[in-house]
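Chemist: Dropping the sequence and predicted coords here.
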Amino acid sequence: MNDFKLNEMHFSALQELGNIGAGNAVTSLATMLGRKIDMKVPNVQVLDFKQISHIIGGPENPVAAVLVNINSENINGMMMFIVELEKSHVLIGALMQRETKELGEIEMSALQEVGNILTGSYLGALSTIFGTTVDMSVPYLSIDMAGSVLSVPAIEFAKVADSALFIESLFDADEGDISGYFILVPDQDSFRFIFGKMGLGI
């Protein structure tokens, strides 16, 4: 969003998109787990990538991240679902109904599929809102330090965007709270489309 000057109405619109998308994702998570999942009101902000790494525990904090590329007529860019590595054990343990202390091949495959479904649900909400198809790539799972994981979109979009839509969602499961982070990085044309559809020029 290098060239954009966003006002309070733009930020409010982005926060509403964050709420709707996260709500759609938590519904999918509840379906996967076969039980009710509560979600606190998401914390939605527009942040640069350095700020994001500090919010999720610092650049050296180990995380699991599922990345998908978005390629469609009106919305293009990248989306990530990130969970702190320690919390990923809770998430996969809840899904597999057993305690999980290590991420083996089966657990990593399950985590990749969870991220795929959650990001797909989020993007599906955007597709419905804006009446457009939103296609996403095969998901890519990365387990690394937060700073390294976030360097991928930071490098990819350095020329067109220095910040991203950051949605912190707190899921309340029986096994404990799980903080999940959605990061949406549309290119500038996508932001123009999104705000145009919402009646907000930029």
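Modeler: It's in. Residues are numbered from 1 along each chain as shown.
Chemist: list the helices and strands the helix or strand of the chain with the lowest mean pLDDT packs on?
Modeler: One helix or strand of the chain scores below all others by mean pLDDT, DSSP states H and E: strand 38-39, with a mean of 70. Applying 3 or more C-beta pairs under 8 Å, 6 or more residues apart in numbering; DSSP states H and E, we find strand 38-39 packed against helix 8-33, strand 163-173. For every residue, glycine as well, the C-beta is placed using N, CA and C.
Chemist: what ranges do the strands span in the protein?
Modeler: Here the chain has its strands, by DSSP state E, at 38-39, 43-48, 62-70, 77-84, 140-145, 163-173, 176-186.
Chemist: Pull the distance from the last one to the chain's centre.
Modeler: Which is strand 176-186. Relative to its chain's centre, strand 176-186 lies at 5 Å (C-alpha atoms, centre = their mean, to the nearest Å).
Chemist: Restrict that strand to CA atoms and write it as PDB.
Modeler: Extracted C-alpha coordinates of strand 176-186, given in PDB (Å, rounded to 0.1, in the frame of the first residue of the first chain):
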ATOM      1  CA  GLY A 176      -6.900 -24.400  25.300                       C
ATOM      2  CA  ASP A 177      -6.800 -21.100  23.500                       C
ATOM      3  CA  ILE A 178      -5.200 -21.100  20.100                       C
ATOM      4  CA  SER A 179      -4.000 -17.800  18.600                       C
ATOM      5  CA  GLY A 180      -4.000 -18.000  14.800                       C
ATOM      6  CA  TYR A 181      -2.900 -15.200  12.500                       C
ATOM      7  CA  PHE A 182      -4.200 -14.500   9.000                       C
ATOM      8  CA  ILE A 183      -2.100 -12.200   6.900                       C
ATOM      9  CA  LEU A 184      -3.600 -11.000   3.600                       C
ATOM     10  CA  VAL A 185      -1.300  -9.200   1.100                       C
ATOM     11  CA  PRO A 186      -3.200  -8.100  -2.000                       C
END
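Chemist: related to what we said a few turns ago, residues in contact with the least confident helix or strand of the chain?
Modeler: A22, G23, V26, S169, L170, F171, D172 (C-beta atoms under 8 Å, 6 or more residues apart in numbering).
Chemist: what pairs with I82 across the strands?
Modeler: I82 has these beta-bridge partners by DSSP bridges: A65, Y181.
Chemist: Test for you: state the pLDDT assigned to it.
Modeler: As predicted, I82 sits at a pLDDT of 91.
Chemist: and what of the one 3 residues further on?
Modeler: According to the prediction, L85 has pLDDT 85.
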